[in-house]
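# here is a sequence with its predicted model. Questions after.
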Amino acid sequence: MLNNFHKENSESRNPVRIDPEILDLKRLQMFYVAVKEGTFSAAAQSLGVSPSAVSHALKSLEEEVDCALFKRTGPHVSPTGAAIRLLPIVEELLHRMGAVRAELAKMDGRVERLVFGVSGSARVVLTTSVMSAFCECFPDADVEIIHTSEEVDPRSRQHLDFQIGCDENVPHDVVRRPLAEETLQLYAAPFHDLGLAGRVTIAQLKQNVLVFPDRMAADAVAQLFFQKSQIRLKKWVMPDAGSARNLALQGQCLAFLPESVAKAPVAAGNLNRINTTAPPLTRKYSAWWRAESPLPWIAEVFLSLLAVNFNPED
């Protein structure tokens, strides 16, 4: 579910290689303590296990790495050259594992908070599957979604963790993360005058009421079909894609809708896709935030879920 994190500096990092034969952490912990204590019995006492358990674990570790890690002299042990090279790496690993446990302990009982803005055209990316998956990860999270205009600059809203909108509205001096791509097509109810036409001309478009999910779509269609946004069209600009779809279902208009919003009524036979003389409109959505305000962990998870789950074909 969380396999699609988009890190801003991913190009500068080596990808993590999943090793099915990764070394056992408990054995590494025993190795570290044994080096520090100097005897297996002292290491066992420190870890609360038997000396034989330590001896067996370290023998297995030596077999795994295929080299001797200890020189044994009676009850005392001393690290070999290989062990000395391995020691700082193991120490760093144990420190990081301790940090993981500490972070999990802090999360216990803590209410995570996430506040972000979504412009009208980008609300389509907040699918049910995304929200359900996020609720599974953070069942007690305090989430506030603020609906904003396309022109809102996230720097003017200091309390937002990030904002989601169309790529063309992303400021130049912020951190941007691509999320999804959506195609808008023309749809009509089967009982509309053009519902069974299959294809319409520009003249027919001008004669009918056109419905749009947002102002940006209306302006883009005017530019695409009529070369200028000032042309007089019979148009309704709705607050979101769902309301535009519902109006189209009544058979009183032609509607430009995202494919993901129109898919269910098309499958049910309640809407038909109408071809036009121009190619479909494609819009890309991104999240962005101020570079001086790193994303909190809860925001990283949410954006990853958006990128993984959004698919107009679902």
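Received the coordinates, thanks.

# do a quick rundown of the strands in the stretch 101-250 of the chain.
Assigned by DSSP state E, counting those that start in this stretch, the stretch 101-250 of the chain shows strands spanning 113-119, 142-148, 162-166, 175-188, 210-212, 235-237.

# right, and those strands - which one's nearest residue 304?
For those, proximity to residue 304 was assessed by Cβ to Cβ; strand 175-188 is nearest, at 9.5 Å. Where C-beta positions appear, they are placed from N, C-alpha and C, glycine not excepted.

# the closest one packs against which elements?
If contacts are counted by 3 or more Cβ pairs under 8 Å, 6 or more residues apart in numbering; DSSP states H and E, strand 175-188 sits against helix 241-249, strand 254-258, helix 259-267, strand 272-274, strand 281-289, helix 297-309.

# restricting to C-alpha, output it in CSV.
Extracted C-alpha coordinates of strand 175-188, given in CSV (Å, rounded to 0.1, in the frame of the first residue of the first chain):
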residue,chain,number,x,y,z
VAL,A,175,8.5,21.6,-3.4
ARG,A,176,6.3,19.8,-5.8
ARG,A,177,5.2,16.1,-5.9
PRO,A,178,3.3,14.6,-8.9
LEU,A,179,0.2,12.7,-7.8
ALA,A,180,-2.2,11.8,-10.7
GLU,A,181,-3.3,12.5,-14.2
GLU,A,182,-6.9,12.8,-15.3
THR,A,183,-8.7,13.0,-18.6
LEU,A,184,-11.9,15.0,-19.2
GLN,A,185,-14.3,13.7,-21.8
LEU,A,186,-17.8,14.9,-23.0
TYR,A,187,-20.8,13.0,-21.7
ALA,A,188,-24.6,13.1,-22.1
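
# avg pLDDT for that strand?
Strand 175-188 carries an average pLDDT of 88.

# ditto for stretch 283-295
Rounded mean pLDDT across stretch 283-295 is 84.

# ok, now stretch 253-268?
Stretch 253-268 comes out at a mean pLDDT of 91.

# can you give me the end-to-end span of it?
End-to-end distance of stretch 253-268: 19 Å, with Cα to Cα, to the nearest Å as the criterion.

# picking that back up, CSV please, covering the helices and strands packed on strand 175-188 and showing distance to residue 57 and mean neighbour count.
Listed next are these as CSV, based on distance: least, Cβ to Cβ, whole Å; neighbours: other Cβ atoms under 10 Å:
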stretch, distance to residue 57, mean neighbour count
helix 241-249, 59, 20
strand 254-258, 57, 27
helix 259-267, 53, 17
strand 272-274, 64, 18
strand 281-289, 46, 20
helix 297-309, 33, 20
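
# output these as CSV; include the columns distance to residue 200.
Formatted as CSV, the helices and strands packed on strand 175-188 follow (distance: least, Cβ to Cβ, whole Å):
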stretch, distance to residue 200
helix 241-249, 14
strand 254-258, 7
helix 259-267, 16
strand 272-274, 6
strand 281-289, 15
helix 297-309, 33
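
# out of these, which is closest to residue 138?
Distance to residue 138, taken as Cβ to Cβ, is lowest for helix 297-309 among the helices and strands packed on strand 175-188, at 6.1 Å.

# the closest one vs strand 142-148, what angle?
Interaxial angle, helix 297-309 versus strand 142-148 (axes from the mean of the first three to the mean of the last three Cα atoms, to 10 degrees): 60 degrees.

# gap between helix 297-309 and the chain center?
3 Å (Cα atoms, centre = their mean, to the nearest Å).

# likewise stretch 23-32?
34 Å.

# model confidence over it, on average?
pLDDT averaged over stretch 23-32 gives 87.

# can you list the residues that contact that stretch?
Residues outside stretch 23-32 that contact it (Cβ atoms under 8 Å, 6 or more residues apart in numbering) are 43, 47, 54, 57-58, 60-61, 64-65, 69, 83, 86-87, 90-91, 93-94, 97.
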